[in-house]
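Peer 1: one predicted model, sequence on top.
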Amino acid sequence: MAIRLSAPIQVENLLPYDFTFRIVDKTTNQNWADNHLSKGAVTSLHLIELNHLLLLNINVPDSGIMELIIIDYLYCVINISYSLFRL
């Protein structure tokens, strides 16, 4: 049995709007959806493996950005698996 301790990933809202965010673990196909974060707030995510490919999607409903582009399909990479670079 092995125990692995790691720091949680923290998401901080520095925008002047409330938003919802989704984190997707592409390695295990887990999806943490509909996390609400008020402006100025910080949340910690403890159930995420730091050696997996992690993607972040943010939806800011009150900003007017939703009318300009389709945000639901845009993800940014927040962590990559180092096994992708092994030779």
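Peer 2: Right, received. Where do you want to start? Numbering: from 1, shown residues only.
Peer 1: CA only for contacts and neighbour counts going forward, please
Peer 2: Will do.
Peer 1: pretty sure residue 14 is in a helix, no?
Peer 2: No: counting by DSSP: H, G, I helix; E, B strand; the rest coil, residue 14 is not found in a helix; it is coil.
Peer 1: I'd like the distance between it and residue 28.
Peer 2: As defined by CA to CA, to the nearest Å, residue 14 lies at a distance of 29 Å from residue 28.
Peer 1: equivalent analysis for residue 2, please.
Peer 2: Taking CA to CA as the criterion, residue 2 is separated from residue 28 by 19 Å.
Peer 1: more neighbours: these two, which one.
Peer 2: residue 28 (11 against 4; other CA atoms under 10 Å).
Peer 1: that one: which element?
Peer 2: Using DSSP states H and E, residue 28 sits within no helix or strand.
Peer 1: which residues does the closest residue to residue 8 other than its chain neighbours contact?
Peer 2: Leaving aside its chain neighbours, residue 8 sits nearest to residue 46 (4.7 Å; criterion: CA to CA, 6 or more residues apart in numbering). Contacts for residue 46 (CA atoms under 8 Å, 6 or more residues apart in numbering) come out as 7, 8, 9.
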